[in-house]
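Colleague: would you be able to build a 3D model of this:
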Amino acid sequence: MKINFVSQNPDLNRGSFRIWIHDLCYYLNNIGVDANINYEGKDSDVVIFDKSFSYVKKIDGIKVGYINPVGFKKHNADFIIAGSLEEKDSLLCNDNVFLFPLIEKMYQNCMLKIHKKTDKIKICFHGSSTHLYSFDSNLKNALEELYKSKNIELVVIQEKSIDDWVQGRPNIPIKFLQWNIKTVLNDIMSCDIGICPNVTEPMIKPHDVNIPFGLYDTDYLLRFKNKSNAGRAFVFHQLGIPVVADLTPSNFHILGNPDNGYIAMSQHGWLKSLQELTCENKRSLISFNAKKEFNRCYNPNEWAKRLYKSIEKI
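Modeller: Sure, this is the predicted structure:
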């Protein structure tokens, strides 16, 4: 079976192209599949379109795939590739939705960070600047409380280096760096702890209490994108940096085991998790365990085989 990935914007700085086309094509070839990118021949059995296409159409005699499309509707494709269980579920109105997690080739086989005692603890956020608003208010308050007793710095690695963050911004030292494929590895490796906020609007609505219907004044109300995933945490796992992440479902795949890291939602949850990780020995232990579990669960060649077999069946 010959597979051709088609992209209008083959830019390695773009995560969806880098992971689901460039890297996935590499993994497929690694397991013996004939896979190419923007191949101009007419003998492909499968054509997989990048998410940069707003619309794809069927091709006679060829199976058509669509990467990471807008959810909650049916798409004109034979199969869909999704990056998380959250996203997959939102697309199941389509007949075939296959999961390929956000496993970054550029971070595979890197030497793990060696954690040493340091005068300043660098706490790293990397990813889209839209997630910065998820700091408000529990993570923001936790960082400010931690800053009272520890010398910490927040390192923000995002698609822009402009310092225009207001809502949810903690009043602590912050260093802004622009995400760049040439420097991002060293930028992340310079840090000690990784954080992955994603959920927005955590709140309690006491007026909705209805105990006979299982509604209590201590309930969580969480909002997160259908495309939420554990990709940002994966990068930290791959590099040997311990992670504190929020209650987004995909974070539990690895962090559900407390030996591998921390899940937090409340101010105290974030604070106590970060406090524990100010110890270099704890950082080393947690990050080692997380990397071991990541390797067990997220071998990219195994996921590529699983995807290939799923496509083959249709």
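
Colleague: where along the stretch 151-300 of the chain do the strands fall?
Modeller: 152-158, 174-178, 193-196, 200-203, 221-223, 243-245, 262-263 (DSSP state E, counting those that start in this stretch).

Colleague: any idea which of those strands scores lowest on pLDDT?
Modeller: Lowest mean pLDDT within those: strand 200-203, at a mean of 67.

Colleague: give me the neighbour count for residue 13.
Modeller: Here the number of neighbours of residue 13 (other C-beta atoms under 10 Å) works out to 13. (C-beta placed from N, C-alpha, C; glycine too.)

Colleague: and it, what does it touch?
Modeller: Residues in contact with residue 13, defined by C-beta atoms under 8 Å, 6 or more residues apart in numbering, are 179-181.

Colleague: what residues does the nearest residue to residue 163 once chain neighbours are set aside make contact with?
Modeller: Closest residue in space to residue 163, ignoring its immediate chain neighbours: residue 176 at 5.2 Å, by C-beta to C-beta, 6 or more residues apart in numbering. Applying C-beta under 8 Å, 6+ apart to residue 176 gives the contacts 156, 158, 161-163.

Colleague: I'd like the distance between residue 176 and residue 24.
Modeller: 31 Å (C-beta to C-beta, to the nearest Å).

Colleague: on that earlier part again, of the contacts of residue 176, keep whichever come out buried.
Modeller: 156, 158 (16 or more other C-beta atoms under 10 Å).

Colleague: what helix or strand does residue 310 sit in?
Modeller: Using DSSP states H and E, residue 310 falls within helix 300-313.

Colleague: on contacts alone, who are the packing partners of that helix?
Modeller: Helix 300-313 is packed against helix 24-30, strand 79-82, strand 97-99, with contacts defined by 3 or more C-beta pairs under 8 Å, 6 or more residues apart in numbering; DSSP states H and E.

Colleague: redo those as a markdown table? Include mean neighbour count, mean pLDDT and distance to residue 151.
Modeller: Output for the helices and strands packed on helix 300-313, formatted as a markdown table (neighbours: other C-beta atoms under 10 Å; pLDDT from 0 to 100; distance: least, C-beta to C-beta, whole Å):
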| stretch | mean neighbour count | mean pLDDT | distance to residue 151 |
| --- | --- | --- | --- |
| helix 24-30 | 19 | 98 | 41 |
| strand 79-82 | 24 | 97 | 41 |
| strand 97-99 | 18 | 98 | 41 |
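
Colleague: between these, which gets nearest to residue 144?
Modeller: With C-beta to C-beta, the closest approach to residue 144 among those belongs to strand 79-82: 36.7 Å.

Colleague: not counting the closest one itself, show me its contacts.
Modeller: Identification of contacts with strand 79-82 by C-beta under 8 Å, 6+ apart yields 20, 48, 63-69, 88, 91, 94-100, 307, 310-311, 314.

Colleague: separation between residue 215 and residue 93?
Modeller: Distance, residue 215 to residue 93, using C-beta to C-beta: 29 Å.

Colleague: what do you get for residue 55?
Modeller: Distance, residue 55 to residue 93, using C-beta to C-beta: 17 Å.

Colleague: likewise residue 180?
Modeller: For residue 180, the distance to residue 93 - C-beta to C-beta - is 38 Å.

Colleague: got it, and residue 135?
Modeller: Counting by C-beta to C-beta, the gap from residue 135 to residue 93 is 34 Å.

Colleague: likewise residue 179?
Modeller: 33 Å.

Colleague: between those two, which has more neighbouring residues?
Modeller: The residue with more neighbours, out of residue 179 and residue 93, is residue 179; 20 against 12, by other C-beta under 10 Å.
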